[in-house]
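A.B. asks: the following block contains a protein sequence and its predicted model.
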Amino acid sequence: GDSVTQMEGPVTLSEEAFLTINCTYTATGYPSLFWYVQYPGEGLQLLLKATKADDKGSNKGFEATYRKETTSFHLEKGSVQVSDSAVYFCALSAYSSASKIIFGSGTRLSIRP
Amino acid sequence: DVKVTQSSRYLVKRTGEKVFLECVQDMDHENMFWYRQDPGLGLRLIYFSYDVKMKEKGDIPEGYSVSREKKERFSLILESASTNQTSMYLCASSPDRGLADTQYFGPGTRLTVL
């Protein structure tokens, strides 16, 4: 079945460091891919998405490129801030999953001042 | 802005009690979802609904039921709460039954069953 695998956390970085959170997926057909973020004490919110191969989603300085050849959607940010501390979820939506969203297990990110 | 509200942020219940978790969305969305979130397991879908009075089982429906009598409201029911149902419960909604629909989440209800 469809699935999402993302790097385990926690990830701890210093402010202004470069961030990469790896995400790979398994799905039949052409899924849409998402990154959601959960700030402390809140529900999830969409960070960015990409709906077809080679699309790049971007928001708040974060980027991710839909790579069909490597079935990946890695999240990157050039310079993280303390306010980026949160849990990040990679997710996909595919017709084979009846349009439901399948989430990865989440990666907790902590940024040191 | 889309708003999804959940009736309680924190809830403590006893084993065997019947528990109701309420979710309301204010943007006339067709779809509504209930997930539970546990450390290391991410989000797991319990039930979802594409229309009023309609429901479909998700990946872990056992021990739960749902009700959608009005479009804006989706209730999760624990018929007889057990300690293994202690978790964070998240409600979400999305506009229509299409691929790549963004889901909008409520703040969550942290349920503890003693």
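C.D. replies: Received the coordinates, thanks.

A.B. asks: can you map out the strands along chain A?
C.D. replies: Assigned by DSSP state E, the strands in chain A fall at A:3-6, A:11-14, A:19-21, A:23-26, A:32-38, A:44-50, A:56-59, A:62-65, A:75-77, A:86-93, A:101-103, A:107-112.

A.B. asks: return the distance of the second one from the chain's centre.
C.D. replies: Looking back up the chat, that one is strand A:11-14. Remark: strand A:11-14 is offset 16 Å from the chain centroid, using Cα atoms, centre = their mean, to the nearest Å.

A.B. asks: can you name every helix or strand that that strand contacts?
C.D. replies: Other helices and strands packing on strand A:11-14, by 3 or more Cβ pairs under 8 Å, 6 or more residues apart in numbering or on different chains; DSSP states H and E, are strand A:19-21, strand A:107-112. The way it works is simple: take the backbone N, C-alpha and C, and place the C-beta from them, glycine included.

A.B. asks: of all those strands, which one is nearest chain B?
C.D. replies: strand A:107-112 (9.4 Å; Cβ to the nearest Cβ).

A.B. asks: pull up the pairing partners for the closest one, direction included.
C.D. replies: Each strand paired with strand A:107-112, and its direction, by DSSP bridges: strand A:11-14 (parallel), strand A:86-93 (antiparallel).

A.B. asks: now do it and strand A:32-38, the angle between them.
C.D. replies: 50 degrees (axes from the mean of the first three to the mean of the last three Cα atoms, to 10 degrees).

A.B. asks: residues touching strand A:107-112, excluding its own?
C.D. replies: By Cβ atoms under 8 Å, 6 or more residues apart in numbering or on different chains, the residues outside strand A:107-112 that reach it are A:6-15, A:17, A:19, A:21, A:80-89.

A.B. asks: ok, A:Y66 touching A:W35?
C.D. replies: No - assessed by Cβ atoms under 8 Å, A:Y66 is found out of contact with A:W35, at 11.2 Å.

A.B. asks: these two: which has the busier surroundings?
C.D. replies: The residue with more neighbours, out of A:Y66 and A:W35, is A:W35; 25 against 21, by other Cβ atoms under 10 Å in any protein chain shown.

A.B. asks: in this structure A:N22 contacts A:M7, no?
C.D. replies: Yes - here A:N22 reaches A:M7: they are 4.5 Å apart, a contact under Cβ under 8 Å.

A.B. asks: up against chain B, what does chain A have?
C.D. replies: Residues of chain A found near chain B (Cβ under 8 Å from any Cβ of the partner chain) are A:32, A:34, A:41-46, A:49, A:51, A:89, A:93-95, A:99-101, A:103-106.

A.B. asks: tell me the pLDDT of the spatially most central residue of chain B.
C.D. replies: Central residue check for chain B by Cα atoms, centre = their mean: the C-alpha nearest the mean position is that of B:W34, 2.7 Å away. pLDDT, B:W34: 96.

A.B. asks: pull out the buried members of the contacts of strand A:107-112.
C.D. replies: A:6-7, A:9, A:11, A:13, A:19, A:21, A:80, A:84-89 (16 or more other Cβ atoms under 10 Å in any protein chain shown).

A.B. asks: kindly reformat these as JSON lines containing pLDDT.
C.D. replies: Converted to JSON lines, the buried ones among the contacts of strand A:107-112 look like this (pLDDT from 0 to 100):
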{"residue": "A:Q6", "pLDDT": "94"}
{"residue": "A:M7", "pLDDT": "89"}
{"residue": "A:G9", "pLDDT": "85"}
{"residue": "A:V11", "pLDDT": "95"}
{"residue": "A:L13", "pLDDT": "96"}
{"residue": "A:L19", "pLDDT": "97"}
{"residue": "A:I21", "pLDDT": "97"}
{"residue": "A:V80", "pLDDT": "97"}
{"residue": "A:D84", "pLDDT": "97"}
{"residue": "A:S85", "pLDDT": "97"}
{"residue": "A:A86", "pLDDT": "97"}
{"residue": "A:V87", "pLDDT": "95"}
{"residue": "A:Y88", "pLDDT": "97"}
{"residue": "A:F89", "pLDDT": "96"}
